[in-house]
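Student: Build me a model:
(chains A and B)
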Amino acid sequence: MSTPTTSFGRDAAAAIARSKNEPDWLVAWREEAGELATQLDLPKPEKLPLTRWTLDQYGAYRPGRAVASKADLPAAISALLPEEDSGTLIVQHNSSVIYTQLSDELKAQGVILTSLEDATRNHEELLRKHFMTAYARDEHKLAAVHAALWNGGVFLYVPRNVTIETPIQALLFADDAEATFMPHILVIAESNSRVAFVEQVASSLDAATSTLLHNSAVEVFAKSGAIVRYAAVHQMDASAIDIAYRRAILDSDARIEWIVGDLHNGNSITDTKSVLKGNGSTSDSKIISVGTGNQRMSLTTQAVHFGRSTESNMITRAVMKEEATAIINGVTKIEKGATKANGQQTEKVLMLSPKARGDANPILLIDEDDVKAGHAASVGQVNADQVYYLMSRGISRKEAERLIIHGFLDPVVSEIPLKGLREQLHRILERKLG
Amino acid sequence: MATEFEIRGLKSSIEGKEILKGIDLNIKGGEVHAIMGPNGTGKSTLASALMGHPKYEVTDGTVTLNGEDVLEMAVDERARAGLFLAMQYPSEITGVTNADFLRSAINARREEGNEISLIKFIRQMEKKMKELEMNPEFMHRYLNEGFSGGEKKRNEILQMMLLEPKLVILDEIDSGLDIDALRIVAEGVNAMRAEDRGFLIITHYQRLLNYITPDHVHVMMQGRIVKSGGPELAQRLEAEGYDWVKEELGIVDETVGQA
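Tutor: Numbers count the residues shown, from 1 in each chain, chains lettered A, B, ... in the order given. Here you go, the predicted structure:
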C-alpha cells in the first residue's frame, strides 16, 4: 500500500477503498471507476498534447495527521492561512483531511462542513444525489482516475434561505510527492442560500523525484435562487501537475461567481464550466494566470445555456513570461430553447517574452436564434503609450511596467472575497511576475 | 534657482518625416507662454518631443531646463527634473487606481525610505480634487478608465497640482471642455502660477486665454514659430482668424508633414 500506484485498475481501486474502510457502495463505485480508467482515453485539450506529461503516477494513500485545534496544524500549513480567522476552515494534508472547524452558529442553522470521506458515511443520500453528476467519471481517463482515487475532500451543505457572511475556507496542501493528492470539493447550496467559498491549493515539495499529480475536481450545485461565490487560488511547486475540473449546475435564478487564480508553477489543465440549467440563472467567471519558465497550461472556461433568459460572462486574463505556453479556450454554448440568453466572453493575454506563447480561442456554439452572444480576444505586449504616460509622471520604466502588468490582473485579484487571501495573491503575483 | 527653460533650434521627425523645423523659445519662471495655430502645424509634436515620446525623434537642437540637458534624459528623468505635460489624449490604464498611480509618481521624486505617508497623500489628493470639483470616487477608479473627455482633462490638472512641476506644458487642455470645466481647469492653472514655474500652453482657441492671461503668444505654422507677441496677438487671432498671418508671411499651406 505504500508503493506509489503506477499500474492501476479495478482491483487496485477497490483495494485502496477497502483499506480505508469505505462504505460498500463506494468500494463498488470506485471499482467501476478503476475499470473505466483502464478503458478511457486522456482528455485532448485544444493544441496541447499531453503525451509527454507524467499522468500515470498516482502516489500512495498517505493521510496527514489529524489535529484537534488550529494551533496544532503543521507550521507549513499555518503559514499559508490568512491571518484573519474566518471561523470556518477545512484543511487537507496530502491524502486526508486533518482539521475541520465550523462555528456553532452555522451548525445550528444546519450547515454541514466535513471531509467528503466523512460525508460518504454520514450524508450518503445527499452526497450520492450530487457527487460526480456534474463531472462524470466517464468523461475521460483523468475523471475516472479521480473517481477511483479521490481522497480527503470537502463537503459543504448550505440549507435553504441560509446566508453565510464570512467565506468558508478550504486549504489543500501537499508536501509528499508520493502521496495521492486528489481532493474533491462538493458544494450544495439549497434554494435562496448564499455562500462564499475560498479554496487554496499549495505544496511544499523539495527536489521531488516523483511527479505530484493533483487530480482534483469541484462540483457546485446552486439550487433555485442560490448565490455561490467560489474563489480558488492554486500555486504548487513546478514539479507538480495541476488538474482542476470545476463544474457548477445552476437551477432557476441561481448564480455562480468563479474567481480563480490559476497560478500554479508547473503544467496544468483547468476547466471551469457553468451549466445554466434553470431559467434566469447567471454565471460570472474571472480567471487569471501567470505562466513562467517552460510550463504548459490549458485554461478553459465554459458556459452552457439551457434555461431561458440566462446570462453568462467569462473573462480570462493571462500574463506569459519566459518560455511558458498557455492555450486559453472560452466556450459559450447556447442550446436550442434557451431564448433571450446572453453569453459574453473575453480572453486577454499579455506577452512579456518573445519565446512565450499565448493562444486565445473564443468559441461560440449557438443553437437558438433569439439570443445575444459576444466575444473579444486579444494577445499583445505591454502598451508603449501606457508606459510613456506613466513615465511622463516620473515613474521609472520598470515600475511603470510593473504597475501595468499587475493592473492587468487586478480586475480579478480585487474580487477575491477574503482580504488575507487577496494579500497572499499579491505576494504570489509579485513573486511570479518578478 | 529661478526656472529657465530654453529651446534652441529644435527639429523633430516622426517616421522620418520632419515636423519641427527649428523651434526657439525661452520660458522663465513666472511666465506663461501660449502657442497657437491651426491644426497640423506641429504644436502637439512640440509637446511630445519635449516630453520625449518614443515616436518622435529629435534630429537637431537643444533643450535645457535650468542648464540641464533635457534631451539626454529618459522620459521619467525629464519628469523628475520638473517637466510636466498635460496630454491631449491621456492613456487609460486598467487595474491601476488613480490614487496608486499618483502616489507612485510622488514617491518616484522622493528618496527611498522617505515615501509620502498614505494619510498625508490622501489628504492632499482629496483637497486638490475638491478644488477641481472632482467626484472623490475618482480617487479609487482605474486611471482614466471610463472617464469622460472633461474628466480626463481635470485629472491631468490634478496630477500637475500634486506633482508641482517647474515647467508645465498644457497640450490642448481646453479641447472637449464645456465652459464650467474650462473655468475650473483655468483656475487650477492660475492657482499654480508662481515665480519658479513656467507654463507653455498649446491651444487652437483663444477662449482658454480669457481665463489664463499669457505673457507671450506665439503662432506656429509649418513647424516653426512664425510670429510672437503679447496677449493682444491672441485677441486678434480670435477676432480675425489666421488668414492675415498667412498673408503677411506669404504662407499658402500652414500645415506640416500631413501629406
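Student: where does the closest residue to chain B within chain A fall, helix, sheet strand or coil?
Tutor: Using CB to the nearest CB, A:Gly407 is the residue of chain A that sits closest to chain B, at 2.6 Å. Heads up, the C-betas are built off the backbone N, CA and C, glycines and all. At A:Gly407 the chain is in helix, as set by DSSP: H, G, I helix; E, B strand; the rest coil.
Student: Count the residues that sit near the residue nearest to it when sequence neighbours are not counted.
Tutor: Distances taken as CB to CB, 6 or more residues apart in numbering or on different chains put B:Gly95 closest to A:Gly407, at 2.6 Å, once the chain neighbours are dropped. Applying other CB atoms under 10 Å in any protein chain shown, we find 21 residues neighbouring B:Gly95.
Student: isn't there a helix covering B:Gly95?
Tutor: No. With three-state DSSP as the criterion, B:Gly95 is assigned strand and is not in a helix.
Student: list the contacts for it?
Tutor: Each residue near B:Gly95 by CB atoms under 8 Å, 6 or more residues apart in numbering or on different chains is listed here: A:Ile404, A:His406, A:Gly407, A:Phe408, A:Leu409, A:Asp410, A:Pro411, B:Tyr142.
Student: so what pLDDT did it get?
Tutor: As predicted, B:Gly95 sits at a pLDDT of 94.
Student: how near is it to A:Ile269?
Tutor: 27 Å (CB to CB, to the nearest Å).
Student: Same check on A:Leu418?
Tutor: Counting by CB to CB, the gap from A:Leu418 to A:Ile269 is 26 Å.
Student: got a list of what the residue nearest to A:Ala222 when sequence neighbours are not counted touches?
Tutor: In this structure, A:Ala222 finds its nearest non-sequential neighbour in A:Ala254, 3.7 Å apart by CB to CB, 6+ apart. For A:Ala254, the contact set (CB under 8 Å, 6+ apart) comprises A:Ala189, A:Ala222, A:Lys223, A:Ser224, A:Gly225, A:Ala226, A:Ile227, A:Val228, A:Gly278, A:Ser281, A:Thr282.
Student: what's the pLDDT at the second one?
Tutor: What it means is A:Ala222. As predicted, A:Ala222 sits at a pLDDT of 98.
Student: My understanding was that it contacts A:Ile249; is that so?
Tutor: Yes. The pair A:Ala222 / A:Ile249 is scored as a contact, 7.3 Å apart, by CB atoms under 8 Å.
Student: The two: who's more crowded?
Tutor: A:Ala222 (31 against 22).
Student: Where does the prediction get shaky in chain A?
Tutor: Applying pLDDT under 70 to chain A flags the ranges A:1-7, A:84, A:208.
Student: Try it again at 80.
Tutor: Applying pLDDT under 80 to chain A picks out residues A:1-8, A:82-86, A:207-209.
Student: of all of chain B, which residue lies closest to chain A?
Tutor: Closest to chain A within chain B is B:Gly95: 2.6 Å, counting by CB to the nearest CB.
Student: Narrow the contacts of A:Ala254 to those in strands?
Tutor: Using DSSP state E, the subset of the contacts of A:Ala254 located in strands is A:Ala189, A:Ala222, A:Ile227, A:Val228, A:Thr282.
Student: List, one by one, the residues from chain B near chain A.
Tutor: Selection of chain B residues close to chain A by CB under 8 Å from any CB of the partner chain yields B:51-54, B:74-76, B:78-80, B:84-85, B:87, B:90-91, B:93-96, B:100-102, B:104-105, B:108-109, B:142, B:159, B:163.
Student: Now do the phi/psi pair for the closest residue to B:Val256 other than its chain neighbours.
Tutor: Nearest residue to B:Val256, sequence neighbours excluded (CB to CB, 6+ apart): B:Gly223, at 4.1 Å. Torsion angles at B:Gly223 (phi, psi; degrees, to the nearest 10) stand at phi 80, psi 20.
Student: for A:Ser96, same thing?
Tutor: The phi and psi values for A:Ser96, taken as degrees, to the nearest 10, are phi -150, psi 160.
Student: For it, give me its contacts.
Tutor: A:Ser96 sits next to A:Pro63, A:Gly64, A:Ala66, A:Ser115, A:Glu117, A:Asn151, A:Gly152 when contact means CB under 8 Å, 6+ apart.
Student: Please list which of the residues you listed are also close to chain B.
Tutor: Counting by CB under 8 Å from any CB, no member of the contacts of A:Ser96 reaches chain B.
Student: Now list the buried members of these.
Tutor: Among those, the ones that count as buried by 16 or more other CB atoms under 10 Å in any protein chain shown are A:Pro63, A:Gly64, A:Ser115, A:Glu117, A:Asn151, A:Gly152.
Student: Now the residue nearest the centre of chain A. Nearest residue, chain neighbours left out?
Tutor: Residue closest to the mean C-alpha point of chain A, counted by CA atoms, centre = their mean, is A:Ala244 at 4.9 Å. Using CB to CB, 6+ apart and skipping the chain neighbours, the partner closest in space to A:Ala244 is A:Thr270 (4.4 Å).
Student: just checking, B:Glu254 touches B:Thr41?
Tutor: Yes. Contact between B:Glu254 and B:Thr41 holds when scored by CB under 8 Å: they sit 5.5 Å apart.
Student: chain center to stretch A:417-432, what's the gap?
Tutor: What separates the centre of stretch A:417-432 from the centre of its chain is 17 Å, taken as CA atoms, centre = their mean, to the nearest Å.
Student: just to revisit the earlier point, can you redo the buried ones among the contacts of A:Ser96 as JSON lines, where the extra columns are distance to A:Arg52 and secondary structure?
Tutor: JSON lines is the format used below for the buried ones among the contacts of A:Ser96 (distance: CB to CB, whole Å; DSSP: H, G, I helix; E, B strand; the rest coil):
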{"residue": "A:Pro63", "distance to A:Arg52": "31", "secondary structure": "strand"}
{"residue": "A:Gly64", "distance to A:Arg52": "31", "secondary structure": "coil"}
{"residue": "A:Ser115", "distance to A:Arg52": "34", "secondary structure": "coil"}
{"residue": "A:Glu117", "distance to A:Arg52": "33", "secondary structure": "helix"}
{"residue": "A:Asn151", "distance to A:Arg52": "27", "secondary structure": "coil"}
{"residue": "A:Gly152", "distance to A:Arg52": "29", "secondary structure": "coil"}
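Student: Can you pick out the most distant pair from those residues?
Tutor: Greatest spacing in these, by CB to CB: A:Gly64 and A:Glu117 (12.6 Å).
Student: Look up phi and psi at B:Trp244.
Tutor: phi -60, psi -30.
Student: Kindly report the same for A:Leu172.
Tutor: On the backbone of A:Leu172 - angles per degrees, to the nearest 10 - the values are phi -120, psi 120.
Student: ok, it - contacts?
Tutor: Taking CB under 8 Å, 6+ apart as the test, what A:Leu172 contacts is A:Val91, A:Gln92, A:Gly152, A:Phe181, A:Pro183, A:Glu199, A:Gln200, A:Val201, A:Ala202, A:Ser216.
Student: A:Pro167 versus the third one, what's the distance?
Tutor: This points to A:Gly152. Here the criterion is CB to CB. By it, A:Gly152 lies 20 Å from A:Pro167.
Student: Tell me which stretches of the stretch 251-400 of chain A form helices.
Tutor: Taking DSSP state H, counting those that start in this stretch as the criterion, the stretch 251-400 of chain A carries its helices at A:384-391, A:397-413.
Student: What ranges does chain B have for its strands?
Tutor: Under DSSP E, chain B gives strands at B:4-14, B:17-28, B:32-36, B:56-65, B:68-69, B:83-86, B:93-97, B:142-143, B:167-171, B:198-203, B:216-221, B:224-229.
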